[in-house]
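Novice: Sequence and predicted structure are below.
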Amino acid sequence: MEILFYRYNSICEPDILQVFTNFGITVHTEELEMHNKRATPRECAEKVSGWILRRPLAFVFSINFFPAVSYTCEKLKVPYVCWSVDSPVPELFSNALKNTYNRIFLFDRAQYRLFSPINPKCIFHLPLATNVKQWEKIILDMTEEDYGAYGADVSFIGSLYTEKSKYDGLTLSDHTRGFVDGMIEAQLKVYGCNFIPESLTEEVIREISEADSAFYKSEDAYADMSRYLVAHQYIGMKLAAVERERTLNRLARHFHVTLHTRSDVSRLPKVHCKGGVSTLTEMPKVFQASKINLNMTMRPIETGLSLRVWDILGCGGFLLTNYQAEIPDYFVIGRDLETYESMEELEEKVRYYLSHDEERVEIAINGYETVAKYHTYEIRLAQMLKKLTEAMK
């Protein structure tokens, strides 16, 4: 079997490419968008069609959805398989989503419920996974010096979203600012449910969309995506920035908190801030060496589990994460990982697990074993290929 992997440099891509290869699949790669982020849909279509016409491809694969790839595959009658690993993804509003040769896998069940009615026979739910074998190689070679250098009582790796939030730069009325501020404060108190999209008024949506000259627009959309974009790309990103800053500052008043990020850390005076870490070589050491690894899921990921969740557990780290509706589908809370649903509960659990080493280590081991048994890329891609086979009958 031969496939084409249309790449754009997602951190998931090398793991998935290796698993496909291990399955005995011949993988060709098209790297246009790895080297040219401004590549046009026409350039994409020319590259993909060239591969399809030259090789007997079973399907074309990509991480996240590329409408130009979908249209090309539809025209040439070759299945297009993609696995969405991000949220929000405005490209999912393209009319290309309706194409019959699509086989689209979405990691977030709420995202799946939103988009699957558009093409119910061609859209599926598939959670993310991790590369346990790769992390094992690094962790087994860790030295005492590594544990000292990368260890922490409480650690967090990730963006603060201050540099990604477009909301702060908009010129808005006091009414809209007040409305959005109120929604953010209310949403910060609720975990496991994102009520912002339904709470937005048409007036607020219009004002925010008109305030940004670069607001995402597409002539190819099958529906108005303004509510989706305002809720997730503008307010959702702002909420993530507020939540991460407040959470880290609050914990740092009582505990030793280490942050690994490339974001501006000037508003985190008591947090021990370090720069970013290499995903492939340093990140697993932090996850393994830290007593508590914190996860704060950005609200545009409404029910699903971010890649950080799987990677922390895959590295044998203890995970304390905000509650997400899909967690009980894959893990037992209190056995494989721990969750919180309020700042008070977060503080309480940090204090508890920092003083109960044996329980913390046991939970970390259980989480690792669960991921290694059920949630590797080998297992997930086998599930994907099985679903593809069933869908093509």
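Specialist: Great, that's in hand. Numbering: from 1, shown residues only.
Novice: where does Tyr340 fall, phi/psi-wise?
Specialist: phi -140, psi 150 (degrees, to the nearest 10).
Novice: State the number of residues packed around it.
Specialist: Neighbours of Tyr340 under the rule other Cβ atoms under 10 Å: 20. The C-beta positions use only the backbone N, C-alpha and C, and glycine is treated the same way.
Novice: same check, this time on the one 4 residues further on
Specialist: Using other Cβ under 10 Å, Glu344 has 10 other residues around it.
Novice: how close does it get to Asp329?
Specialist: 26 Å (Cβ to Cβ, to the nearest Å).
Novice: Same question for Leu251.
Specialist: Distance, Leu251 to Asp329, by Cβ to Cβ: 28 Å.
Novice: Over to Ala391?
Specialist: For Ala391, the distance to Asp329 - Cβ to Cβ - is 22 Å.
Novice: Give me the domain ranges for this structure.
Specialist: 2-129+377-391, 132-374 (automatic domain parsing).
Novice: now the helix or strand hosting Tyr368, how far from the centre of its chain.
Specialist: Assigned by DSSP states H and E, Tyr368 falls within helix 357-374. What separates the centre of helix 357-374 from the centre of its chain is 22 Å, taken as Cα atoms, centre = their mean, to the nearest Å.
Novice: What residues sit buried inside that helix?
Specialist: Applying a neighbour-count criterion of 16 or more other Cβ atoms under 10 Å, one finds Arg360, Ile363, Ala364, Asn366, Gly367, Tyr368, Thr370, Val371, Ala372 buried in helix 357-374.
Novice: for the chain, longest strand please?
Specialist: When the chain is parsed with DSSP state E, its longest strand is strand 57-63.
Novice: on contacts alone, who are the packing partners of that strand?
Specialist: Packed against strand 57-63 by the contact rule (3 or more Cβ pairs under 8 Å, 6 or more residues apart in numbering; DSSP states H and E) you find strand 2-6, helix 13-22, helix 41-54, helix 67-76, strand 80-84.
Novice: Just name the most buried of the ones you listed.
Specialist: Mean neighbours per residue, mean count of other Cβ atoms under 10 Å, is largest over these for strand 80-84, with a mean of 24.
Novice: mind listing what the next helix or strand after that strand pairs with, with the direction of each?
Specialist: For strand 80-84, the following helix or strand on the C-terminal side (DSSP H and E) is strand 102-106. Paired with strand 102-106 in the same sheet, following DSSP bridges, are strand 80-84 (parallel), strand 123-125 (parallel).
Novice: average pLDDT across the shortest one?
Specialist: Mean pLDDT, strand 123-125: 97.
Novice: I would like the residues contacting it, please.
Specialist: 97, 102-107, 109, 112, 115-116, 387, 391 (Cβ atoms under 8 Å, 6 or more residues apart in numbering).
Novice: Quick check: what element follows it along the chain?
Specialist: Following strand 123-125 toward the C-terminus (DSSP H and E): helix 132-140.
Novice: who does that next one touch, helix- and strand-wise?
Specialist: Under the contact definition 3+ Cβ pairs under 8 Å, 6+ apart, helix 132-140 sits against helix 283-289, helix 307-314, helix 357-374.
Novice: what's the closest of those helices to Leu188?
Specialist: Taking Cβ to Cβ, helix 307-314 is the member of those nearest to Leu188, at 19.6 Å.
Novice: Report all helices and strands that that closest one contacts.
Specialist: By 3+ Cβ pairs under 8 Å, 6+ apart, helix 307-314 packs against helix 132-140, helix 283-289, strand 292-295, strand 319-322, helix 357-374.
Novice: Same list, those, but as a markdown table with distance to Glu210 please.
Specialist: A markdown table is the format used below for the helices and strands packed on helix 307-314 (distance: least, Cβ to Cβ, whole Å):
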| stretch | distance to Glu210 |
| --- | --- |
| helix 132-140 | 46 |
| helix 283-289 | 40 |
| strand 292-295 | 35 |
| strand 319-322 | 33 |
| helix 357-374 | 45 |
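Novice: Give the residue spans of the stretch 251-393 of the chain that score low on pLDDT.
Specialist: Low-confidence segments of the stretch 251-393 of the chain, defined by pLDDT under 70: 393.
Novice: again with the stretch 51-200 of the chain
Specialist: In the stretch 51-200 of the chain (pLDDT under 70), no residue qualifies.
Novice: Who has more neighbours out of Leu251 and Asp329?
Specialist: Leu251 (22 against 12).
Novice: Can you list the buried residues in stretch 271-283?
Specialist: Buried residues in stretch 271-283 (16+ other Cβ under 10 Å): Val271, His272, Cys273, Lys274, Val277, Glu282, Met283.
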